[in-house]
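Chemist: One predicted model, sequence on top.
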Amino acid sequence: MKNNLSPFHLAFPVNNIAETETFFVDVIGCNVGRQSEKWIDFNFFGHQISAHINPEKNTMTPTNIVDNNNIPIRHFGLVVPWKEWNELVEKFKANNIQFLIEPHIRFKGKVGEQATLFILDPSGNAIEFKSFKDEKMFFKH
């Protein structure tokens, strides 16, 4: 994994801008960028994500089984350093954030072993945070 990756941009649907702002700022730790009454940008660990009001309620997407877990097919997330992943786990627990998929080690003892967890934002968007003790395993198969 390169340390000089370009930032990505992701737009996703939400039900309520104020709820979304509170969640991404107070729980995740993002800073707010530009915004209007219909959308809001966040600095998501150096990447730009844009929450856009969706007039229809978001519904949970279908899942695929991955290492014995029902992984939401539509999700986004971030790979963070091991220490930062553990700090996020503690932060989420301290904020009483319910885990969609509890923090655990996936592919234990196999190529691609990783720490992972899933949470939902207030609009039902699935967000994954993962980490590799060995970053070289990120694209290994």
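Modeler: Okay, I see it. Residues are numbered from 1 along each chain as shown.

Chemist: Can you show me the helices along the protein?
Modeler: Read by DSSP state H, the chain holds these helices, from start to end of the chain: 17-22, 82-94.

Chemist: residues in contact with the shortest one?
Modeler: Looking back up the chat, that one is helix 17-22. For helix 17-22, the external contacting residues (C-beta atoms under 8 Å, 6 or more residues apart in numbering) are V14, V32, Q35, E37, K38, W39, I40, A51, I53, D121, P122, S123. C-beta coordinates here come from the backbone N, C-alpha and C atoms, glycine included.

Chemist: which parts of it are buried?
Modeler: Within helix 17-22, the residues that qualify as buried by neighbour count (16 or more other C-beta atoms under 10 Å) are I17, T20, E21.

Chemist: And the last one, by the same measure?
Modeler: When burial is assessed from 16+ other C-beta under 10 Å, helix 82-94 yields the following buried residues: W85, L88, V89, F92.

Chemist: tell me which strands and helices it is in contact with?
Modeler: Using 3 or more C-beta pairs under 8 Å, 6 or more residues apart in numbering; DSSP states H and E, the elements in contact with helix 82-94 are strand 114-120, strand 126-131.

Chemist: What pairs with the last one, parallel or antiparallel?
Modeler: On the basis of DSSP bridges, the sheet neighbours of strand 126-131 come out as strand 75-79 (parallel), strand 114-120 (antiparallel).

Chemist: thinking again about what came up before, I'd like the buried residues of helix 17-22 written out as CSV, with pLDDT added.
Modeler: Converted to CSV, the buried residues of helix 17-22 look like this (pLDDT from 0 to 100):
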residue, pLDDT
I17, 96
T20, 97
E21, 98
